[in-house]
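**Q** A predicted structure for the sequence below; I have some questions about it.
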Amino acid sequence: MSRSDIASLLIACGLRASFPLGIAWAVTRLLSRSSAATRHFTWACAMSIAALLPVMTITSPHWSVSTPAPLARLVSPTHIQAVPTTPSGVATAERIGPDSTVRLNNRRPVGFTLWEIATWIWITGAAGVFCYVLMGHLAAWRLYRTTQRMQKPWIEEAERLVPELRMNRGLYLLESAHVSVPFVLYLWRPIIVMPEAATEWPWARIRAVLLHELAHIKRNDVHIQTLAQMACAAYWFNPLVWFAANQLRVECERACDDSVLMGGTSRADYATHLYEIARACSAPASAPFAIGLAVHRSQLEQRLVAILNPRTPRLSATVLGRVMVALPVLFVTLAAGAIQITARAIEVPQAKTRPEPTEANGVGSVPSEEFHWSAVMREHQTVEVRIARGSIRVLPSEDDAVRVDAHTDDPHKRRIQAVATPSGMKFCSVLTTVHGALNACEASEETSHDQDHLSRTDVVLHVPAGMHVAGSTLSGDITAEHPGADIDMATIDGNITLQLATEEGANFSGNVIDGSIDSDFPLEDNTPPLPPGVKRASNAARIVHAMLGTGGPRLAAVVVNGNIRLLRR
């Protein structure tokens, strides 16, 4: 998966993340009188789904919904704006791909496309947020190196709190002179860091602090906050993600406050302890790694009000309540992420000439002999050409655009049809009669059905390096000059000529039946040997291979009743 594909996936998931987060906001408004633990679980569920959307998008099935034709022409993201053209007009697309937006206009792409600019903007923002998070974790590691194991007489009483909370983890307490509030670090195990001033605290305050921090550990708040940080880094452009991360942090602290009060601490005493710790705090522990008792002073007043309010619900979320909250969020998110609205089959309109109106014929249009098409395509995509009778010529592109120029000598019988395929674009010479088309240009991987006719179509491809070109003709010659793209060509009753400069390399393989292979390079004959005593027929198949220079693009040629020429030019 290329960098552009990853960026497009994360940008799309960042927009889809609005579904679970929006549902979480609505649910928490409806449950405003419920406990903080329930609201925290709602936000945690939505944020987890948002963070895992890229994996869910790749692995989950998709339901494609085709829009009606009139609606597709108006609002479909794959709507094509046809432009009146002259015989020399060129249709240009800014981006071509099976899942990308196609927009045609009458100019060639210059510089960066809008999608490339958006990709670089996303990369810059994601890198900035990720660096901020990384700096926080590096600060956590530096802080850990300044800590030391606590040796206090109340350690044994503190260790009794672990089984009371039904936790299967041991208590790991450290102290540091560089912190002023208690908080939890998670390096290889959960660690509670206490300030040195805690030696002066009464046991009631220490107990309340440990209950708060152990509640963070029991609820796995450090992991949930890390997941929220990943979502903020990937979806930094979505303000709802930042709002959800803030609400997750707020409800997390309130839920731990409720856990302390449910442990037997009185509301007045706990509010006093919280206020005294916040007042002694020299600087708020606002680093992204900190899960602490008093993180933001701006939230302290609301926490104190909730602590002192006797009517505030404090029970933790039940299993049934969690299921009732999680299922709607998960179901709506999966449904919204799986549905993909697509327009009907994309077909690039063929260029048409429009003669000047005259008194004799009025205003009208006639089929054109010329076809011109241009697009910027992603690397490693395939440009496929299939014609019945005529020639194919492949030339290196002067820029990043793929250009297709075709000429037919009987526009009333032959026309060029272009369709998007899962791997790129396909161009076919379609034979038409009064009864309709005699062959079709299929968007699937299946081979299109070509019908031979006396009319002839000649195609010239300008392809940049890194692409893949596939082509076939029932009767005609194929030429590739200095190719930088992979080439797969086949012809019947024709010749294939591949021209390379002296300094150019390639990986060549050829297969010819009833013909010859001429090469300016040494070839390795891979034709299977015949049994002893059997003479090879003059028209028997011959298979050859050659590694030219240091290698390069893959060139494959198949000819029946013709010649393969590998030339140095």
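**A** Happy to help now that I have it.
**Q** and the strand ranked longest in the chain, what other elements does it pack with?
**A** Ranked by residue count and defined by DSSP state E, the top strand of the chain is strand 424-433. Judged by 3 or more Cβ pairs under 8 Å, 6 or more residues apart in numbering; DSSP states H and E, strand 424-433 is in contact with strand 370-377, strand 382-389, strand 401-408, strand 414-421. C-beta coordinates here come from the backbone N, C-alpha and C atoms, glycine included.
**Q** Partner strands of that strand, with direction?
**A** Paired neighbours of strand 424-433 in the sheet (DSSP bridges): strand 382-389 (parallel), strand 414-421 (antiparallel), strand 436-437 (antiparallel).
**Q** Next, the angle from the second one to strand 370-377.
**A** Here strand 414-421 runs at 10 degrees with respect to strand 370-377, directions being taken by axes from the mean of the first three to the mean of the last three Cα atoms, to 10 degrees.
**Q** Check the first one too.
**A** Counting by the same axes, to 10 degrees, strand 382-389 lies at 160 degrees to strand 370-377.
**Q** any idea which helix or strand comes after strand 382-389?
**A** Next in sequence after strand 382-389, counting helices and strands by DSSP states H and E, comes strand 392-396.
**Q** How about the last one?
**A** Later in the chain than strand 436-437, the nearest helix or strand by DSSP H and E is strand 457-463.
**Q** how big is the angle separating that next one from strand 392-396?
**A** 20 degrees.
**Q** Now do the same for strand 457-463: mean pLDDT, whole number.
**A** When pLDDT is averaged over strand 457-463, the result is 92.
**Q** go on, stretch 492-505?
**A** pLDDT averaged over stretch 492-505 gives 88.
**Q** and what of stretch 383-402?
**A** 90.
**Q** tell me the helices in the protein, going along the chain?
**A** 3-16, 18-30, 36-51, 53-59, 69-75, 114-144, 155-159, 161-164, 203-218, 221-234, 239-262, 267-280, 300-308, 319-338 (DSSP state H).
**Q** possible to save those helices as CSV with mean pLDDT, mean neighbour count and distance to Arg456?
**A** As requested, those are exported to CSV (pLDDT from 0 to 100; neighbours: other Cβ atoms under 10 Å; distance: least, Cβ to Cβ, whole Å):
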stretch, mean pLDDT, mean neighbour count, distance to Arg456
helix 3-16, 77, 18, 38
helix 18-30, 86, 19, 54
helix 36-51, 86, 25, 57
helix 53-59, 77, 15, 45
helix 69-75, 37, 12, 34
helix 114-144, 84, 15, 38
helix 155-159, 79, 13, 90
helix 161-164, 80, 13, 85
helix 203-218, 87, 22, 77
helix 221-234, 88, 21, 53
helix 239-262, 89, 21, 58
helix 267-280, 83, 17, 85
helix 300-308, 82, 16, 80
helix 319-338, 62, 15, 47
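**Q** so which of those gets nearest Phe521?
**A** When those are compared by Cβ to Cβ, helix 3-16 sits nearest Phe521, at 35.5 Å.
**Q** pLDDT score assigned to the closest residue to Gly128 other than its chain neighbours?
**A** Of all residues not flanking Gly128 in the chain, Trp236 sits nearest, at 7.7 Å (Cβ to Cβ, 6 or more residues apart in numbering). Looking at Trp236, its pLDDT reads 92.
**Q** thinking again about what came up before, tell me which of the helices and strands packed on strand 424-433 is the most buried.
**A** strand 382-389 (a mean of 24; mean count of other Cβ atoms under 10 Å).
**Q** Alpha carbons only: can I get that one in CSV?
**A** Taking C-alpha atoms only, strand 382-389 is exported to CSV below (Å, rounded to 0.1, in the frame of the first residue of the first chain):
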residue,chain,number,x,y,z
THR,A,382,-2.5,-0.6,-15.4
VAL,A,383,-3.2,1.0,-18.7
GLU,A,384,-4.8,-1.6,-21.0
VAL,A,385,-5.5,-1.3,-24.7
ARG,A,386,-7.4,-3.8,-26.8
ILE,A,387,-8.0,-3.3,-30.5
ALA,A,388,-9.0,-5.7,-33.3
ARG,A,389,-7.0,-4.4,-36.2
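**Q** by how many degrees do that strand and strand 401-408 diverge?
**A** Using the same axes, to 10 degrees: strand 382-389 against strand 401-408 is 10 degrees.
**Q** how far is strand 382-389 from where the chain is centred?
**A** For strand 382-389, the separation from the chain centroid amounts to 30 Å (computed by Cα atoms, centre = their mean, to the nearest Å).
**Q** go on, stretch 375-393?
**A** With Cα atoms, centre = their mean, you get 26 Å for stretch 375-393.
**Q** what comes up buried for the longest strand of the chain?
**A** Across strand 424-433, burial judged by 16 or more other Cβ atoms under 10 Å covers Gly424, Met425, Lys426, Phe427, Cys428, Ser429, Val430, Leu431, Thr432.
**Q** hmm, back to that, Asp409 is nearest to which of the helices of the chain?
**A** Nearest to Asp409, of the helices of the chain and by Cβ to Cβ, is helix 69-75 at 33.0 Å.
**Q** Can you give me the neighbour number for the residue nearest to Ile155 when sequence neighbours are not counted?
**A** Excluding the flanking residues, the one nearest Ile155 by Cβ to Cβ, 6+ apart is Leu173, at 6.8 Å. Leu173: 20 surrounding residues under other Cβ atoms under 10 Å.
**Q** Kindly report the same for the one 4 residues further on.
**A** Here the neighbour count serves as a burial measure; for Ala177 (other Cβ under 10 Å) it reads 11.
**Q** With Tyr172 instead?
**A** Applying other Cβ under 10 Å, we find 14 residues neighbouring Tyr172.
**Q** right, and it touches Arg189 too?
**A** Yes - between Tyr172 and Arg189 there is a contact under Cβ atoms under 8 Å: 6.2 Å.
**Q** so who does the closest residue to Pro464 other than its chain neighbours touch?
**A** Closest residue to Pro464 apart from its sequence neighbours, by Cβ to Cβ, 6+ apart: Ser397 at 4.2 Å. Shown in contact with Ser397 (Cβ atoms under 8 Å, 6 or more residues apart in numbering): Arg403, His462, Val463, Pro464.
**Q** Just name the closest of the residues you listed to Val179, please.
**A** The closest of these, once distances to Val179 are taken by Cβ to Cβ, is Pro464, at 56.8 Å.
**Q** ok, the residue nearest to Ile155 to Ala245 distance?
**A** If you measure Leu173 against Ala245 using Cβ to Cβ, to the nearest Å, the figure is 29 Å.
**Q** before we move on, what about Leu261?
**A** Leu261 sits 25 Å away from Ala245, taking Cβ to Cβ as the criterion.
**Q** quick one on the thing from earlier: what is the residue nearest to Ile155 paired to in the beta sheet?
**A** Under the criterion used (DSSP bridges), Leu173 bridges to Ile192.
**Q** show me the contacts for the closest residue to Val193 other than its chain neighbours.
**A** Leaving aside its sequence neighbours, Val193 sits nearest to Leu174 (Cβ to Cβ, 6+ apart; 5.2 Å). Contacts for Leu174 (Cβ under 8 Å, 6+ apart) come out as Tyr144, Thr147, Gln148, Arg149, Met150, Ile191, Ile192, Val193, Met194.
**Q** Highest neighbour count among those residues?
**A** Sorting these by how many neighbours each has (other Cβ under 10 Å) puts Val193 first, at 26 neighbours.
**Q** Val179 is in contact with that one, correct?
**A** Yes - between Val193 and Val179 there is a contact at 5.9 Å, judged by Cβ under 8 Å.
**Q** shared neighbours of these two, anything?
**A** Shared contacts of Val193 and Val179, counting by Cβ under 8 Å, 6+ apart, come down to Leu143.
**Q** Show the model's pLDDT score for the residue nearest to Ile155.
**A** Reported pLDDT for Leu173: 84.
**Q** that older thread, among the contacts of Ser397, pick out the one closest to Thr119, please.
**A** Nearest to Thr119 among these: Pro464, at 18.5 Å, using Cβ to Cβ.
**Q** how far away is that closest one from Phe427?
**A** 17 Å.
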